[in-house]
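Participant: I need the structure of the sequence given here:
(chains A and B)
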Amino acid sequence: MTPKLLVEDVAKDYLIPIIDRVSFAVAAGDFVCLLGPNGCGKTTLLRIIGGLEPATRGLVLLDGEPIIAGRPHRHRIGVVFQEDRLLPWLTLEDNVALVLKPLGTPARERVEIARRYLGLVGLAGFESYHPGRVSGGMRQRAAIARALAIEPDVLLMDEPFGALDAQNRRIMQREVRRIWEETGRTILFVTHSIEEAVGIGTTLVMLSARPSRIRELIRNDGRDRGTLIDDLNTMIMEEVERQQGARP
Amino acid sequence: MSTARGWVGRLHLPTLGVLAAVLVVWAGLSWRYGAYVLPSPWSVVVGFVDVVRSGEIWKHTGASLYRIAIGFGAAVVVALAAGLAAFLWRSARTVVHDLLAILNATSVFVWIVISIIWFGLSSWAPIFTTFMITLPVVASNIVEGVENVDRRLLEMGDVYRLSGSEKFRSIVVPSTLPYLVAGMKIGFGLALKVSVVAEIFGVTSGIGYIMNYSREILATQMVFVWALVMILVMMATDKLLFDAMSRRLDRWR
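Facilitator: Take a look at the predicted model:
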């Protein structure tokens, strides 16, 4: 089976080398979590995959089509950023409907689709609220609805719950897992929380300290979570120490 | 009726006390130095009622506001064009910045003298002066607004492939509007203050003209009456026009 998303020898220099060389494949319907110490280039890698930033070397293929920053492609990529990035002057419904315009969806249908996806993320009844009137967790739900509404080939999430408190974070993790099960989307999820990654991902990609490579690629089939979390914790500690120069 | 209530609520007791004290001192000084130097508060009230009754207030206020509307309106239009240029071309920003710095440093009197040379003694002198003085204020606000558009929102627009015009309409315009309203508010106040100065020369209507004329015929109380009219016009536009605009913009907050 050809993979949905192929990351091939991607490297990024930005004054200093950030990403040394990273390759991995994502099958359709996979839920991949990108893990690694702070500042190891997880977000940069996600931005390269999303075509928001050029790679210094290497290639990203989505269904065989190269994704290159600044060049048009035929695929749809949904992105949920750390911040909700909703337009504060539009209602939640209009925020979601807006991104359907470039797809040529007729106005009436845009509203219907927006309502459907707001319902999916648990925001039924809040369609006509402005982002400033709802909580941070609800805004991030709306951002997820917006990303899903375009029916993306791949959904990229960059520490989307980083700004939420612990309770909201746990609720949103469950929600994302449920939404993934209901929609079957291919998801790439960046996080620095091992518990979060083990809790929701089907595949875990552990990156090394900067300049990053893949340290470990793990199928998370649900067996022995405790040991897995312990192992990952040991790995991340080693990488953090290496990044700080305490280890060769 | 909530606005009427707001007005009454705004009447702060200590402020009223200070105003009353000023009136008393004013009356005393007027009595001491005579009506030519300082007319009494009462004569100003009488004069004000007179100009309202005779309708003269509308004639001169209207003439001033008409000139401001053209000069200030043109300044807003040109400022919007400058903002659009700053959005489209990065290099236009520096050009606009530099030009505005020069305009900002130019005195009102320069424009009054030049406009009299160019347009003679006509309405165009105050109109042109108003235009040149308010343009940099409104334009620098709009350009600042365009520069402060959240890059992260624009990147979101790129992710979802919004067209350039859609990004302009949905992201740039709404985030720049508060800057435009703030710039217009300051600009309008400036326009009112500047255009009356230009009206001293060569026109036969407008608040500036009638104030200067009152001085010439030694009717000092009428100078005070027209000053009062100016203050009232300024406060009214501020409260009724610009505050309403700001409130409308803030609906979603």
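Participant: list the contacts for A:Gly199?
Facilitator: Going by C-beta atoms under 8 Å, 6 or more residues apart in numbering or on different chains, A:Gly199 touches A:173, A:177. All C-beta atoms are positioned from the backbone trio N, CA, C, and that covers glycine.
Participant: Confirm it sits in a strand?
Facilitator: No: assigned with DSSP: H, G, I helix; E, B strand; the rest coil, A:Gly199 falls outside any strand and is helix.
Participant: How about A:Glu65: what's its closest non-neighbour residue?
Facilitator: Spatially, and ignoring its direct neighbours in sequence, A:Glu65 is nearest to A:His73 (5.6 Å; C-beta to C-beta, 6 or more residues apart in numbering or on different chains).
Participant: for chain A, what spans make up the strands?
Facilitator: Secondary structure of chain A (DSSP state E): strands located at A:5-14, A:16-26, A:31-35, A:57-62, A:65-66, A:77-80, A:154-158, A:187-190, A:203-207, A:212-219.
Participant: Rounded mean pLDDT for the shortest one, please.
Facilitator: pLDDT averaged over strand A:65-66 equals 90, rounded to a whole number.
Participant: In three-state terms, how would B:Leu218 be classified?
Facilitator: Strictly by three-state DSSP, B:Leu218 counts as coil.
Participant: give me the number of residues near residue 44?
Facilitator: Because you didn't say which chain, this covers chain A. As a burial measure, A:Thr44 scores 21 neighbours (other C-beta atoms under 10 Å in any protein chain shown).
Participant: wrong one, chain B
Facilitator: Counted with other C-beta under 10 Å, the neighbours of B:Val44 add up to 20.
Participant: Can you tell me the closest non-neighbouring residue to it?
Facilitator: Closest to B:Val44 by C-beta to C-beta, 6+ apart is B:Phe224, at 4.6 Å.
Participant: ok, and what's touching the strand or helix carrying the one you found?
Facilitator: Assigned by DSSP states H and E, B:Phe224 belongs to helix B:220-236. Helix B:220-236 is contacted from outside by B:35-40, B:43-44, B:46-48, B:50-51, B:57, B:60-61, B:65, B:189, B:192, B:196, B:207, B:210-211, B:214-215, using C-beta under 8 Å, 6+ apart.
Participant: now with 6 Å?
Facilitator: B:36, B:39, B:43-44, B:47-48, B:192, B:207, B:210-211, B:214-215 (C-beta atoms under 6 Å, 6 or more residues apart in numbering or on different chains).
Participant: quick check, nearest of these to chain A?
Facilitator: The nearest member of these to chain A, counting by C-beta to the nearest C-beta, is B:Leu192 at 30.7 Å.
Participant: Now the closest one: phi and psi?
Facilitator: Phi and psi for B:Leu192, reported as degrees, to the nearest 10, are phi -60, psi -40.
Participant: hang on, the earlier thing: max pairwise distance over the contacts of helix B:220-236: which two?
Facilitator: With C-beta to C-beta as the measure, no two of the contacts of helix B:220-236 lie farther apart than B:Tyr36 and B:Leu192, at 27.2 Å.
Participant: Any buried residues in stretch A:143-154, and which?
Facilitator: By 16 or more other C-beta atoms under 10 Å in any protein chain shown, the buried positions in stretch A:143-154 come out as A:143-150, A:152-154.
Participant: Report the two of those separated the most.
Facilitator: A:Ala143 and A:Asp153 (18.2 Å).
Participant: quick revisit: got a winner among the contacts of helix B:220-236 for most neighbours?
Facilitator: In those, the most neighbours by other C-beta under 10 Å go to B:Ile210, 26 neighbours.
Participant: tell me, what residue is most central in chain A?
Facilitator: A:Met157 (1.9 Å; C-alpha atoms, centre = their mean).
Participant: so what's that one up against?
Facilitator: A:80, A:189 are the contacts of A:Met157 under C-beta under 6 Å, 6+ apart.
Participant: number of nearby residues for residue 156?
Facilitator: No chain specified, so I'll use chain A. By other C-beta under 10 Å, neighbour count at A:Leu156 equals 26.
Participant: wrong chain, I was asking about chain B
Facilitator: When neighbours are counted by other C-beta under 10 Å, B:Met156 registers 25.
Participant: And A:Phe31, by the same measure?
Facilitator: 22.
Participant: and what of the one 4 residues further on?
Facilitator: The number of residues packed around A:Leu35, counting by other C-beta under 10 Å, is 27.
Participant: With B:Arg161 instead?
Facilitator: Residues lying near B:Arg161 (other C-beta under 10 Å) number 17.
Participant: so it makes contact with A:Pro102?
Facilitator: Yes: counting by C-beta atoms under 6 Å, B:Arg161 does reach A:Pro102; the two are 4.6 Å apart.
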